[in-house]
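Student: when you get a sec, could you give me coordinates for this:
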Amino acid sequence: MADSDTPDLPRLLPDAVHRAVKPGTALLRLETTHAREGVLDGAWWPRSRDISAELPSLISALTEHLGPVTRVGLDSSAWDELPTRVMVDGRVVHIDSFPVGDDTALITRGDRDHFSLMLVPPDTSPDAARAAMARAVRADNVTGAKQILIDTGSDTPPTPT
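Tutor: Numbers count the residues shown, from 1 in each chain. Sure thing, here's the model as predicted:
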């Protein structure tokens, strides 16, 4: 049975989708397969460290493709300010602060369904960000977010030209 035949189930994104969530706001790339064997489920490249500007678009995009998001876990040191909850599309989404480092965002859908997104720093060069995001969503990826960012140069701000 195709995913479209079951309207109550969230739709899965096609493999390796890369899309702009909103122009100038954030880029998201997901690998949502039934097996979910990789270390990471996706990557998020926010355009700033202003969580109130960045998070609603991410949550809306994730909700559209995965179903309702109930919680987001982030490292408070990676953001200008981190509220305890936000209202997105008429739903309350709780924000948890974890000492996970600013290289991941933990997304919770329902009670126990968790997704781990690599968080690409906002000031990363486009080439490095694309390389990191592509590597993060590979189904056979066994490398953690921090190492991917180091390997692709995404952990270093771009040099001014």
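Student: the residue lying closest to residue 146 once chain neighbours are set aside: what's it in contact with?
Tutor: Closest residue to residue 146 apart from its sequence neighbours, by C-beta to C-beta, 6 or more residues apart in numbering: residue 103 at 4.7 Å. (Each C-beta comes from the backbone N, C-alpha and C, glycine too.) Applying C-beta atoms under 8 Å, 6 or more residues apart in numbering, we find residue 103 in contact with 118, 119, 144, 145, 146, 149, 155.
Student: ok, now with 7 Å
Tutor: 118, 119, 145, 146, 149 (C-beta atoms under 7 Å, 6 or more residues apart in numbering).
Student: look up how far residue 74 lies from the residue nearest to residue 107 when sequence neighbours are not counted.
Tutor: Once flanking residues are discounted, residue 107 sits nearest to residue 115: 4.2 Å by C-beta to C-beta, 6+ apart. For residue 115, the distance to residue 74 (C-beta to C-beta, to the nearest Å) stands at 13 Å.
Student: ok, now residue 41?
Tutor: 16 Å.
Student: chain center to the longest helix seen in the chain, what's the gap?
Tutor: Taking DSSP state H as the criterion, the chain has its longest helix at helix 51-66. Put simply, helix 51-66 sits 9 Å off its chain's centre (C-alpha atoms, centre = their mean, to the nearest Å).
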